[in-house]
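Asks: Test case, fold it:
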Amino acid sequence: MKVIDFDRIQSLGISAEEMFSWTEEVWQKQDEFILPTKTHTWQGDSGRYITMPCVMPNEDVAGVKFISRNVDDVNGIPKRNSNIMMQKISEEGLYAVLDGMWITSMRTGACAYYNATTFAKKEPETLAIYGLGTAARAFMYFWYNLYKRPITVKLMPYKDQVELFMQRFPEVNGGGQLIDIQQYRIRYQIVNSIEELFDSDIVVSCVSFAHSVICENNSVFKKGCNIVPVHTSGFQNCDLFFDKVFVDDIGHVEGYRYFEQFKERMARITDVTNKVKPGRENDEERTIVYNGGLAIFDIYWAKKILEKYESQTLDVPMGYPKERFWI
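Replies: Next up, the predicted model:
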């Protein structure tokens, strides 16, 4: 059985281009995969556990991601962690166990980038990023490495996160150097209100959870804007008046408050990718993209990592009974 932990995966140096290609492949192949409903198990007020299974018949792989989320840190351990177990359909027993933290964060960033760019107007000028934690950094990693046209990135101050974010992803001009001329590729604009922030062509929200609507002033959302709530909450008012709603899985949004009102304006991301249904049709449409996270990305990415770097992983014997009646 192969074992690959967080440090090993991170040290592999997988390029943004390659990871993004895996993301595109999953959207293209989504209907080839079997995706049971993920289950949530609550432990009082102290935490919850999420089990996300997936079967990929054409890839000869079945897998499950297990996530734990604790309300309080314990001895400095992160509030969230996840692990992925893999099994070949054609063989018995586990063939791999992988860290799920790195894969989850990076595939979330890749998906957010895909949805931000795929459903944006032709020439967006402003990108707002709300919440500057790990998810925002993963998203910006792909934007920084893959997006080549000029963009103004709008940020709103919160503690010291803006400064740290800008240090990690400095402004650049068209040649990739620190900005010193007007011809820029990425430059920052600091704003002081939600209204200023969300008055943008693309809005990527990376806040973990919103207890209510983040911006109730609907007039803030300009024509042609594209909203990507990475963790899916805080923009339910947009469900009522935006022109189109794009989703990763219909089952994920059937319980949304305004599902009955927006379902006729809804399309799956995979259907747009495969040109079964139209995506954005003009620069005036306001769109919102709900991609709460599918196990098919985690398992597919894990399979790709194992295929590419199998010789570098740790092999651990995993014994199983040799006889049917072993008791």
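Asks: Residue 41 sits in which helix or strand?
Replies: strand 39-43 (DSSP states H and E).
Asks: the helices in this structure, which residues?
Replies: Under the criterion DSSP state H, the chain contains helices at 6-11, 16-29, 101-118, 134-146, 161-168, 194-198, 238-241, 250-253, 259-262, 269-273, 295-309.
Asks: Flag every buried residue along the longest one.
Replies: Judged by neighbour count (16 or more other C-beta atoms under 10 Å), helix 101-118 contains these buried residues: 101-118. C-betas here are computed from N, CA, C, even on glycine.
Asks: Give me the buried stretch members for stretch 23-32, please.
Replies: Using 16+ other C-beta under 10 Å as the test for burial, stretch 23-32 gives 23, 26-27, 29-30.
Asks: So which of these is the closest to residue 166?
Replies: Using C-beta to C-beta, residue 23 comes nearest to residue 166 of those, at 25.8 Å.
Asks: Next, the contact list for the residue lying closest to the closest one once chain neighbours are set aside, please.
Replies: Distances taken as C-beta to C-beta, 6 or more residues apart in numbering place residue 110 nearest to residue 23, at 4.3 Å, with adjacent residues excluded. Neighbouring residues of residue 110 by C-beta atoms under 8 Å, 6 or more residues apart in numbering: 16, 19-20, 22-23, 138, 142.
Asks: mind running it again at 10 Å?
Replies: Going by C-beta atoms under 10 Å, 6 or more residues apart in numbering, residue 110 touches 16, 19-24, 26, 138-139, 141-142, 146, 297, 301.
Asks: Filter those down to just the buried residues.
Replies: Neighbour-count burial (16+ other C-beta under 10 Å) is assigned, among the contacts of residue 110, to 16, 19-20, 22-23, 26, 138-139, 141-142, 146, 297, 301.
Asks: where does the stretch 201-327 of the chain dip in pLDDT?
Replies: Applying pLDDT under 70 to the stretch 201-327 of the chain picks out residues 310-314, 317-318, 320, 326.
Asks: swap the cut-off to 90 and go again
Replies: 208-212, 231-233, 251-252, 292-293, 307-327 (pLDDT under 90).
Asks: Now do the strands in it.
Replies: For the stretch 201-327 of the chain, the strands defined by DSSP state E, counting those that start in this stretch cover 202-205, 226-229, 244-247, 266-268, 287-290, 314-315.
Asks: and of those, who's closest to residue 238?
Replies: Of these, the one closest to residue 238 (C-beta to C-beta) turns out to be strand 287-290, at 5.0 Å.
Asks: partner strands of that closest one, parallel or antiparallel?
Replies: Using DSSP bridges, the strands paired with strand 287-290 are strand 226-229 (parallel), strand 244-247 (parallel).
Asks: Got the domain ranges for the chain?
Replies: For the chain, automatic domain parsing gives the domain ranges 2-103+295-315, 112-290.
Asks: So the residue nearest to the spatial centre of the chain versus residue 27, what's the distance?
Replies: The centroid of the chain falls nearest to residue 108 when counting by C-alpha atoms, centre = their mean (2.0 Å). Distance check for residue 108 against residue 27: by C-beta to C-beta, to the nearest Å, it reads 14 Å.
Asks: Also residue 152?
Replies: From residue 152 over to residue 27 the distance is 28 Å, taken as C-beta to C-beta.
Asks: Many thanks, we can stop here.
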